[in-house]
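**Q** need the 3D shape of this:
(chains A and B)
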Protein chains: 2
Amino acid sequence: MSIARFSFNQATAQGWPLPDVVAGCVAAGVPGIGLWREPVAEYGLARSAKLVRDAGLAVTSLCRGGFFCADDWWAENLRAIEEAAALGAPELVLVSGGLPPGSRDIDGARRRVADAIGELAPHAEAAGVRLAIEPLHPMFAADRCVIATLGQALDIAERFDPTVVGVVVDAYHVWWDDTVYEQIARAGEWIAAFQVCDWVTPLPEGVLLGRALPGDGCIELRRLREAVDAAGYAGPIEVEVFSAEVWARPGAQVLDAAIAGYLRHVV
Amino acid sequence: MSIARFSFNQATAQGWPLPDVVAGCVAAGVPGIGLWREPVAEYGLARSAKLVRDAGLAVTSLCRGGFFCADDWWAENLRAIEEAAALGAPELVLVSGGLPPGSRDIDGARRRVADAIGELAPHAEAAGVRLAIEPLHPMFAADRCVIATLGQALDIAERFDPTVVGVVVDAYHVWWDDTVYEQIARAGEWIAAFQVCDWVTPLPEGVLLGRALPGDGCIELRRLREAVDAAGYAGPIEVEVFSAEVWARPGAQVLDAAIAGYLRHVV
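**A** Model prediction:
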């Protein structure tokens, strides 16, 4: 068991400054890091790129593009693609957005996602960045992501070359689905990223920050990891946890706990 | 537009005493009522049965059986079947239960649900009560119901005669599913009940009480109603809302609002 495929998504230690995250990863022998646009912008794009490159860390993904019902979706997503390229991130994670305010037209919103990805794909391809469609748990369907299952994400991704558009398999979002293993097998080379954290209840208000470190909940993380491997995925495995409780801990302690949970419950 | 198919699920006006609910329904010309075991037990089973019968109200369903991982599931479910029969409820709604504490074996829990229903079915049939498997929204998969989609509920129900085991189509639980219309068409005569309320965000802590009255959220209720009708369902349509905000209102006002939302957004 090793951390050769481990990647630390920086959102797991919200508020840990980027230079400290990078130093912490280097000190722990972690090979990869998942970045978010907001903290990268705060530290400076070129400066962030240099920081992680000089540290010898692989940027495994950039979060996030998407939100295709926003007025500025086109400019924002082009910018996100450029940022991913500048950071050397091979994957831009897409959270597709929910329903427009007051709308009940979920089919329309879903068509819009597929159309937007079709329009963005040539730009992503030119930049050498893969668009990674992330299905979010159905509890986010109204306000964050109308793409609610892996099967649905694949219905879109399969229209493209898998080097240009793929899918994210995030254990937290897909574990409940009785067709998930079938869909992971179907996904094959469209699997652009694999993310892990754990499911615990009760969910907090707003449900966003209810995740737990790997091993602290009820998801069969090793089984899911074995399934993505069996489907041909050999890429990084990102630990990504949104949790008020985890965020209250010192960053270095969170990284240690993420590695420990990963070694014990994922690989 | 009429309320000929309208049924008021008593959980929509939590705390409204049963005699008042019944009187309110009669005064409003409501033909049906959905009951829950706990308030029925509180008022007395035989007394409740007489109350609704004398009022000329149809009991459209009894909530709920299920929770098949509980130690006393067998005795509890037999009792629930008897109570449904005593009340003249043609359907016993089954909320199948989540994972046993500490378990990560969701496949095992799902097999257990199918086995339990198989064991209960002859008893339900003998009592003239249909077991109605309710898929709950996937956000409840861990702690309330491992049956998370209509497709999955049908995979179990279809092993039985549709007069013995059916499924509940509850708009709140299934609206996000991109296969829901296909599954409703598949469900056909297995549709035992149709329930409506609406989806609003943000979800409250614990997520149980986050529902809204029909029309106050983003669900295409009329489209779903038309789909269950097209699948051959001609039974009652229950309004069932769990909401701290709605529960804080006087029961009669809640019933009026439920009827208004039903007429405007469902039929």
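
**Q** what does the stretch 101-250 of chain A put close to chain B?
**A** Neighbours of chain B within the stretch 101-250 of chain A, by C-beta under 8 Å from any C-beta of the partner chain: A:103-106, A:110, A:137-139, A:141-143, A:148-149, A:151-152, A:175-178, A:199-207, A:217-220. To be clear about C-beta, it is placed using only N, CA and C from the backbone, and glycine gets the same treatment.

**Q** show me which of these are buried.
**A** Neighbour counting with 16 or more other C-beta atoms under 10 Å in any protein chain shown marks A:104, A:106, A:110, A:137-139, A:141-143, A:148-149, A:151-152, A:175-178, A:199-201, A:203-204, A:207, A:217-220 as buried within those.

**Q** now, those that are in helices?
**A** Mapping these onto helices (DSSP state H) picks out A:I106, A:R110, A:G151, A:Q152.

**Q** among the buried ones among the residues of the stretch 101-250 of chain A next to chain B, which are located in strands?
**A** Counting by DSSP state E, these place A:W199 in strands.

**Q** all strands of the stretch 1-150 of chain A, in order?
**A** In the stretch 1-150 of chain A, the strands defined using DSSP state E, counting those that start in this stretch lie at A:6-9, A:32-36, A:58-66, A:91-95, A:130-133.

**Q** name the nearest residue to the residue in the stretch 151-267 of chain A positioned nearest to chain B, ignoring sequence neighbours.
**A** For the stretch 151-267 of chain A, the residue closest to chain B is A:W176, as judged by C-beta to the nearest C-beta, at 3.8 Å. Nearest non-adjacent residue to A:W176, counting by C-beta to C-beta, 6 or more residues apart in numbering or on different chains: B:A141, 3.8 Å away.

**Q** I'd like the strands of the stretch 1-150 of chain A as JSON lines, with distance to A:A114 appended.
**A** Below are the strands of the stretch 1-150 of chain A laid out as JSON lines (distance: least, C-beta to C-beta, whole Å):
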{"stretch": "strand A:6-9", "distance to A:A114": "26"}
{"stretch": "strand A:32-36", "distance to A:A114": "25"}
{"stretch": "strand A:58-66", "distance to A:A114": "13"}
{"stretch": "strand A:91-95", "distance to A:A114": "11"}
{"stretch": "strand A:130-133", "distance to A:A114": "10"}
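
**Q** need those in JSON lines with mean pLDDT and mean neighbour count, can you?
**A** What follows is those, written out as JSON lines (pLDDT from 0 to 100; neighbours: other C-beta atoms under 10 Å in any protein chain shown):
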{"stretch": "strand A:6-9", "mean pLDDT": "98", "mean neighbour count": "27"}
{"stretch": "strand A:32-36", "mean pLDDT": "98", "mean neighbour count": "24"}
{"stretch": "strand A:58-66", "mean pLDDT": "98", "mean neighbour count": "25"}
{"stretch": "strand A:91-95", "mean pLDDT": "98", "mean neighbour count": "27"}
{"stretch": "strand A:130-133", "mean pLDDT": "98", "mean neighbour count": "28"}
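
**Q** and those strands: which comes nearest B:V93?
**A** strand A:91-95 (34.4 Å; C-beta to C-beta).

**Q** so what angle separates the directions of that closest one and strand A:58-66?
**A** 30 degrees (axes from the mean of the first three to the mean of the last three C-alpha atoms, to 10 degrees).

**Q** let me see the contact set for the residue of chain A most remote from its centre.
**A** Distance from the centre of chain A peaks at A:G102, with 27.8 Å (C-alpha atoms, centre = their mean). By C-beta atoms under 8 Å, 6 or more residues apart in numbering or on different chains, the contact set of A:G102 is empty.

**Q** what's it sitting at in phi/psi?
**A** Phi and psi for A:G102, reported as degrees, to the nearest 10, are phi 80, psi -10.

**Q** check the gap between it and B:G217 for me.
**A** Separation of A:G102 from B:G217 (C-beta to C-beta, to the nearest Å): 10 Å.

**Q** now A:I81
**A** Taking C-beta to C-beta, one finds A:I81 at 34 Å from B:G217.

**Q** and what of A:D143?
**A** 11 Å.

**Q** so which helix or strand takes in the nearest residue to A:I191 once chain neighbours are set aside?
**A** Leaving aside its chain neighbours, A:I191 sits nearest to A:Y233 (4.3 Å; criterion: C-beta to C-beta, 6+ apart). Using DSSP states H and E, A:Y233 sits in no helix or strand.

**Q** returning to that earlier point: what residues are up against the residue nearest to A:W176?
**A** B:A141 neighbours (C-beta under 8 Å, 6+ apart): A:W175, A:W176, B:G98, B:I106, B:A148.

**Q** repeat that for A:I106.
**A** A:L99, A:A141, A:V146, B:W175, B:W176, B:C218, B:E220.

**Q** against A:P135, how distant is A:R186?
**A** From A:R186 to A:P135 the distance is 13 Å (C-beta to C-beta).

**Q** more neighbours: which of the two?
**A** Using other C-beta atoms under 10 Å in any protein chain shown as the criterion, A:R186 and A:P135 rank with A:P135 on top: 28 against 14.

**Q** what about the residue nearest to that one when sequence neighbours are not counted, neighbour count?
**A** Nearest residue to A:P135 in three dimensions, chain neighbours excluded: A:A153, at 4.4 Å (C-beta to C-beta, 6+ apart). For A:A153, the count of nearby residues is 30 (other C-beta under 10 Å).

**Q** mind listing what the nearest residue to A:G217 once chain neighbours are set aside touches?
**A** Take A:G217 and drop its neighbours on the chain: the residue closest to it by C-beta to C-beta, 6+ apart is A:D198, 3.1 Å away. With contact taken as C-beta under 8 Å, 6+ apart, A:D198 is in contact with A:171-172, A:211-219, A:221, A:241, A:261, A:265.

**Q** what's opposite A:D198 in the beta bridge?
**A** A:A212 (DSSP bridges).

**Q** now do A:D170
**A** A:Q195.

**Q** ok so, going back, let's have the contacts of B:A141 in CSV, adding pLDDT and distance to B:G56.
**A** As requested, the contacts of B:A141 are exported to CSV (pLDDT from 0 to 100; distance: C-beta to C-beta, whole Å):
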residue, pLDDT, distance to B:G56
A:W175, 98, 47
A:W176, 98, 42
B:G98, 98, 38
B:I106, 98, 44
B:A148, 98, 38
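
**Q** okay, the residues you listed in a markdown table with distance to B:F194 next?
**A** Shown next, in a markdown table, are the contacts of B:A141 (distance: C-beta to C-beta, whole Å):
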| residue | distance to B:F194 |
| --- | --- |
| A:W175 | 29 |
| A:W176 | 23 |
| B:G98 | 24 |
| B:I106 | 27 |
| B:A148 | 18 |
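
**Q** next up, the contacts around A:I219.
**A** A:I219 neighbours (C-beta under 8 Å, 6+ apart): A:A171, A:Y172, A:W175, A:V196, A:D198, A:W199, B:R104.

**Q** and which of those residues is nearest A:G56?
**A** Using C-beta to C-beta, those come closest to A:G56 at A:V196, 23.3 Å.

**Q** now that closest one: how far from B:D105?
**A** Taken as C-beta to C-beta, the span from A:V196 to B:D105 is 18 Å.

**Q** A:S61 now?
**A** 30 Å.

**Q** same question, A:G206
**A** Taking C-beta to C-beta as the measure, A:G206 falls 29 Å from B:D105.

**Q** next: A:G261.
**A** 19 Å.

**Q** what does A:E82 give?
**A** A:E82 is 45 Å from B:D105, by C-beta to C-beta.

**Q** one more: A:V267?
**A** Where B:D105 is concerned, A:V267 sits at a distance of 20 Å (C-beta to C-beta).

**Q** many thanks, have a good one.
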